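**Student:** Fold the stuff below for me.
(one chain, ligands or ions: 2)
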Amino acid sequence: MRSAKDFFEPLAMGAPQPVREIPFRPSRMIHFFPPSNQKMVAKVPEIAPKVDVLLGNLEDGVPASDKEAARAGLVHVGQTVDMGDTQLWTRVNSLDSPWFLDDICTLVAEIGHKLDVIMIPKVEGPEDIHYVDRLLAQLEAKAKLSTPLLVHAILETARGVANVEEICGASPRMQGLSLGPADLAANRRMKTTRVGGGHPDYLVRNDPAVGEDGKPDITGPRATSQQDLWHYTIARMVDACGTYGILPYYGPFGDITDTVACEDQFRNAYLLGCVGAWSLHPVQIDIARRVFSPTPEAVARAQRVIDAMGDGTGAVMLDGKMEDDASVKQCHVVVGLARDLAARDPELAKAYGFAESS
Ligand code: GLV
Ligand code: MG
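**Tutor:** Ligands and ions are numbered 1, 2, ... in the order given. Got it, this is the predicted structure:
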């Protein structure tokens, strides 16, 4: 076992000091692009200012024949595109693939100073994070980086979910977790064939009405309601992230045409505590921005409660609702998030009425 005193010591000679806290940076949408696709790469300068995070994807979705081109394409983007205050992330290939080692060695050496977060797919336990942690420290030392790269794990195996708390606590580099519903469904042997979202067969049915014979009429019309396949996993993820001071995200929603259901899934995740989601297509960028930013009405209402609560203790009645020490804390979460987002998004600042004061 490692001494707690050493936890924040660099894992390699000359590597930067590990971070003690994960700074909150707006990351409502993690926008995926395939760096092997020249047309997409050409659009990066235009898309970068519109998103919180731009992610060069090297893993699933990139054919084996394009893996090296994707890596080179991302290096090119990192070396040539001015990202402004948009974060640049990557999703490297999984630890058991033949590409991971070259991905990480090349990226840290060539564009380590431009990358903010490295997403590691199919993380199964803390041992995966320990491996990446040490390797990154060695590569950072070699590249003479002054700040450590952060690590984000995708939760997409049953074992990963079972070990979620240990994964979150495995390194000071851990920045967050994303749900990987497609791989997770396959690994769990769920009988779905979708990327995220619900399923019409996963439902509950109202009790039957009583028939003329006084018995329950099980064949009569009965309303059903589709349930959320991902509720359990997201809730576990949110608690694990909260425990370790890192950030939870919904992952991909694959039905690009169903913008309504996408918005519903994102909103459920937002309400449960997630800070963002992946966007796989430009239409999902605006959905994520809308969903993961509190509404001006919610912010105004939260501010009223904060103002009415004075020193934050006791209880007040506002519009017929009881507010107290606990509800004012929720209001601080909403207003705090609004302030963090507004600092980077002038339109939002205006909508919240923060423009003059902040
Ligand atoms: C994402 O990587 C997923 O498997 O859903
Ligand atoms: Mg996956």
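**Student:** and the residue of the stretch 151-300 of the chain nearest ligand 2?
**Tutor:** Across the stretch 151-300 of the chain, the shortest distance to ligand 2 (CB to the ion) belongs to D183, at 3.6 Å. From N, CA and C alone the C-beta is placed, and that goes for glycine too.
**Student:** host element of that residue?
**Tutor:** helix 181-188 (DSSP states H and E).
**Student:** Please apply the same query to K114.
**Tutor:** Going by DSSP H and E, K114 is not in any helix or strand.
**Student:** So, low pLDDT: which residues of this structure?
**Tutor:** For the chain, applying pLDDT under 70 flags the ranges 356-358.
**Student:** Give me the residue at the spatial middle of it.
**Tutor:** The centroid of the chain falls nearest to Y249 when counting by CA atoms, centre = their mean (2.4 Å).
**Student:** Those residues of the stretch 101-250 of the chain touching ligand 1, which are they?
**Tutor:** Selection of the stretch 101-250 of the chain residues close to ligand 1 by CB under 6 Å from any ligand atom yields I154, E156, G180, P181, A182, D183, V195.
**Student:** any idea where the helices of the stretch 1-150 of the chain begin and end?
**Tutor:** For the stretch 1-150 of the chain, applying DSSP state H, counting those that start in this stretch gives helices covering 38-47, 67-80, 100-111, 126-143.
**Student:** The stretch 251-358 of the chain now?
**Tutor:** Counting by DSSP H, counting those that start in this stretch, the helices of the stretch 251-358 of the chain are 259-272, 282-291, 296-308, 325-342, 346-352.
**Student:** if I look at the nearest residue to A355 once chain neighbours are set aside, how far off is ligand 2?
**Tutor:** Nearest-residue entry for A355: A349, 5.0 Å, with adjacent residues in sequence omitted and distances by CB to CB, 6 or more residues apart in numbering. According to CB to the ion, to the nearest Å, A349 stands 35 Å off from ligand 2.
**Student:** Was I right to think A349 contacts P296?
**Tutor:** No: applying CB atoms under 8 Å as the test, A349 and P296 come out as separate, 10.7 Å apart.
**Student:** which of those two has more neighbours?
**Tutor:** A349 (19 against 14; other CB atoms under 10 Å).
**Student:** Show me how the chain divides into domains.
**Tutor:** 4-292, 299-357 (automatic domain parsing).
**Student:** so of those, which one's packed in deepest?
**Tutor:** domain 4-292 (a mean of 18; mean count of other CB atoms under 10 Å).
**Student:** Many thanks, I have nothing further to ask.
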